[in-house]
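Visitor: sequence unavailable; structure follows:
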């Protein structure tokens with residue numbers, strides 16, 4: 001039995017020798033040196049790392065194809081070298097089977113069955129091709145050349161190359177769902193709203209929060225230059241933001257409310273605008289400016305024409321009713337949610353990602369931040385619509401966010417009438433190990449631990465201890481109950497895109 005493994009089954013060994021005799025009959029030439037060099041370049045995957053590094057310079061699908069190719073190549077190499085080469089010992093071809101000038105020197109000492117070079121080559125070519133067919137087609141001839149070079153140089157029998165190629169193909173198929181390519185986001189659309197024209201800022205009252213992340217002494221002067229007829233209220237750190245917002249919104253002759261600040265300040269302004277039936281002009285000025293981004297007014301270059309021409313749209317608004325304190329004597333409050341709310345580890349994940357992003361870039365920083373978060377911290381217990389869960393993250397978006405997985409980024413529509421509900425739970429067996437594996441393979445969005453749905457009403461109750469709720473970046477501690485509903489089309493906001 002051992003002899004058969006070392007030499008191969010009779011008919012396989014006979015076919016291998018017949019093919020080698022045919023190759024040995026080829027006349028010598030420059031092609032011998034070419035295949036030796038090509039084979040050597042693929043040692044330890046160096047060739048594929050070089051190709052991937054070149055492809056990574058092209059952002060988008062090409063870069064993702066390179067990453068996927070390396071994932072498949074790594075799996076194929078591990079399975080071949082750590083598994084099958086141990087289980088299937090086989091001697092390599094001898095110098096008598098090929099001309100000496102063609103024979104690789106020194107010959108590898110590991111088992112001949114299967115070919116690790118072939119497994120890596122096929123895995124990389126197919127792995128890249130699944131994501132970017134053009135790149136896969138370009139790499140395929142190189143991969144085929146590497147596979148053939150192992151026979152041409154006497155490093156492997158033909159059946160070793162065939163078996164290794166099959167392993168590579170299987171590795172590419174297995175990893176096909178890892179780090180999947182995100183489908184394109186739907187186009188941005190707006191539902192047109194009615195708002196006053198504000199030439200020069202006439203009839204506009206702007207509240208400026210000095211705690212906004214980009215506030216400087218020149219901020220008010222810059223706003224005064226582009227809106228010379230507007231009234232500008234400066235909210236100092238010692239002021240109550242809600243009170244000052246109400247003062248700005250109730251000035252005589254005001255036809256629109258403007259706000260300069262981050263998402264928390266914008267939420268306060270939205271509450272005042274809705275109450276007084278005023279259109280809202282959002283000017284990005286804080287650390288987080290998600291609503292300004294979605295509204296299309298991230299810069300004055302976009303905001304000024306929209307206000308001047310009265311270009312506006314409508315947005316749904318989330319209403320968050322919270323109960324804090326003792327169960328028999330709760331303290332109740334109502335909050336406006338324009339963007340997102342979260343419970344659990346999501347704020348910690350975002351904080352870690354932002355710390356790592358300058359050095360690693362956003363995609364890799366997100367992976368590292370998720371791995372650290374889920375490895376180090378514990379889930380919490382909450383009751384969602386009457387069902388008890390252990391969760392790492394509970395996320396609610398005001399509107400449908402994309403991509404449709406664990407990492408929402410963009411919201412093309414602001415009045416779609418839904419709450420985007422996402423949970424990453426720890427209810428299942430071996431939840432932490434399964435979560436870490438899905439983080440490493442980029443399959444969190446399709447994991448059984450991830451639950452995605454849409455709703456118009458969500459009720460969340462704390463488990464054994466009060467929870468911390470984050471709404472549009474502002475934290476609310478000690479929450480026992482949080483109830484989320486919607487007001488459809490409640491907010492009119494200035495937007496340069498109008499109706500998409």
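Guide: Done, it's in. None of these values were measured; they are calculated from a predicted model.

Visitor: only C-alpha atoms from now on, for both contacts and neighbour counts.
Guide: Fine.

Visitor: give me every residue that touches residue 381.
Guide: 388, 389, 390, 391, 462, 463, 464 (C-alpha atoms under 8 Å, 6 or more residues apart in numbering).

Visitor: in the chain, which residue is closest to the centre?
Guide: residue 407 (5.1 Å; C-alpha atoms, centre = their mean).

Visitor: for the stretch 151-300 of the chain, what spans make up the helices?
Guide: With DSSP state H, counting those that start in this stretch as the definition, the stretch 151-300 of the chain shows helices at residue ranges 158-174, 219-226, 241-249, 263-276, 290-295, 300-309.

Visitor: nearest to residue 194, of these?
Guide: helix 300-309 (11.0 Å; C-alpha to C-alpha).

Visitor: rewinding a little: between the contacts of residue 381, which sits nearest residue 244?
Guide: The closest of the contacts of residue 381, once distances to residue 244 are taken by C-alpha to C-alpha, is residue 462, at 33.0 Å.

Visitor: quick one: residue 439 from residue 405, how far?
Guide: Distance, residue 439 to residue 405, using C-alpha to C-alpha, to the nearest Å: 12 Å.

Visitor: below-threshold pLDDT in the stretch 351-500 of the chain: ranges please.
Guide: By pLDDT under 70, the low-scoring segments of the stretch 351-500 of the chain are 362-363, 406, 497-500.

Visitor: likewise the stretch 1-150 of the chain?
Guide: By pLDDT under 70, the low-scoring segments of the stretch 1-150 of the chain are 1-9, 11, 96-105.

Visitor: can you give me the helices for it?
Guide: So, for the stretch 1-150 of the chain - with DSSP H, counting those that start in this stretch - the helices run 2-7, 10-24, 30-41, 46-55, 61-79, 85-87, 116-131, 133-152.

Visitor: would you mind pulling the contact partners of the last one?
Guide: Helix 133-152 is contacted from outside by 20, 23, 32, 35-36, 38-39, 42, 62, 65, 102-103, 115, 117-118, 121-122, 125-130, 156-158, 161, 165, using C-alpha under 8 Å, 6+ apart.

Visitor: cutoff 7 Å now
Guide: For helix 133-152, contacts defined as C-alpha atoms under 7 Å, 6 or more residues apart in numbering pick out 23, 35-36, 38-39, 117-118, 121-122, 125-126, 128-129, 156-158, 161.

Visitor: which PyMOL command selects the buried ones in those?
Guide: To isolate the buried ones among the contacts of helix 133-152 in PyMOL, judged by 16 or more other C-alpha atoms under 10 Å, type:
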select buried, resi 23+35+36+38+39+117+118+121+122+125+126+128+129+156+157+158+161
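
Visitor: returning to what we had before: tell me which two of the contacts of residue 381 sit farthest apart.
Guide: With C-alpha to C-alpha as the measure, no two of those lie farther apart than 391 and 464, at 13.3 Å.

Visitor: neighbour count for these two, which is higher?
Guide: Higher neighbour count among residue 391 and residue 464: residue 391, with 22 against 10, using other C-alpha atoms under 10 Å.
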